[in-house]
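Student: Quick one, what's the 3D model for this:
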Amino acid sequence: MEKVVIIGCGAYMDSGYGCPGEWRCLKAASFGEGKFDSPSSVVSFVKCECPGRSLAPNTGMAMKLSEIKPDAIHLSSCMVNAKPACPYATAEEMAKILQDKTGIPVVPGTHDYH
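Tutor: Numbering: from 1, shown residues only. All right, here's what the predicted structure looks like:
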């Protein structure tokens, strides 16, 4: 079973725009739906906090504390598709930073549920 980290947009979750923290991401991972090729084990769920400077260090710390190296990092669908978009960085920029810092592939999105 693939081990994954999911990163959600803290501003989106805290503002109540339909992201409760995030059951849809967890459901997609569990069933291997959306952006997951097969059922996956979520080893960490990290909340990105504006302006995102702590995203890479917090993700690294979550991986260190879990003592499980993930096979992939998924940026949640709310991070990738939110309107308005993040004013600090694009999903592509965040993915590049994370992949450069961790060496782990970053997947944009988690689910296609509405």
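
Student: okay, CA-based contacts and neighbour counts for the rest of this
Tutor: OK.

Student: What is the distance between stretch 90-100 and the centre of its chain?
Tutor: Offset of stretch 90-100 from its chain centre (C-alpha atoms, centre = their mean, to the nearest Å): 11 Å.

Student: Kindly apply the preceding question to stretch 47-59 instead.
Tutor: 11 Å.

Student: Which parts of the chain are helices?
Tutor: With DSSP state H, the ranges of helices along the chain come out as 10-14, 23-31, 55-66, 77-81, 91-102.

Student: highest average neighbour count across the ones you listed?
Tutor: Burial of the helices of the chain is given as mean neighbour count (mean count of other C-alpha atoms under 10 Å); helix 77-81 ranks first at a mean of 22.

Student: Show me what it is in contact with.
Tutor: 8-9, 12, 19, 25, 85-86, 90-91, 108-112 (C-alpha atoms under 8 Å, 6 or more residues apart in numbering).

Student: now do 6 Å
Tutor: Applying C-alpha atoms under 6 Å, 6 or more residues apart in numbering, the set of residues contacting helix 77-81 from outside is 9, 91, 109-110.

Student: wait, which of the residues you listed is closest to Val42?
Tutor: Thr110 (11.6 Å; C-alpha to C-alpha).

Student: The closest one - how many residues pack around it?
Tutor: Thr110 has 28 neighbouring residues, counting by other C-alpha atoms under 10 Å.

Student: Pairing partners for the closest residue to Ile104 other than its chain neighbours in the sheet, please.
Tutor: Spatial nearest neighbour of Ile104, chain neighbours left out: Ala72 (5.8 Å); criterion: C-alpha to C-alpha, 6 or more residues apart in numbering. Applying DSSP bridges to Ala72 gives these bridge partners: Val4.

Student: picking up where we left off before, and the helices of the chain as JSON lines, adding distance to Ser40 and mean pLDDT?
Tutor: What follows is these, written out as JSON lines (distance: least, C-alpha to C-alpha, whole Å; pLDDT from 0 to 100):
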{"stretch": "helix 10-14", "distance to Ser40": "22", "mean pLDDT": "83"}
{"stretch": "helix 23-31", "distance to Ser40": "5", "mean pLDDT": "92"}
{"stretch": "helix 55-66", "distance to Ser40": "16", "mean pLDDT": "93"}
{"stretch": "helix 77-81", "distance to Ser40": "16", "mean pLDDT": "89"}
{"stretch": "helix 91-102", "distance to Ser40": "19", "mean pLDDT": "95"}
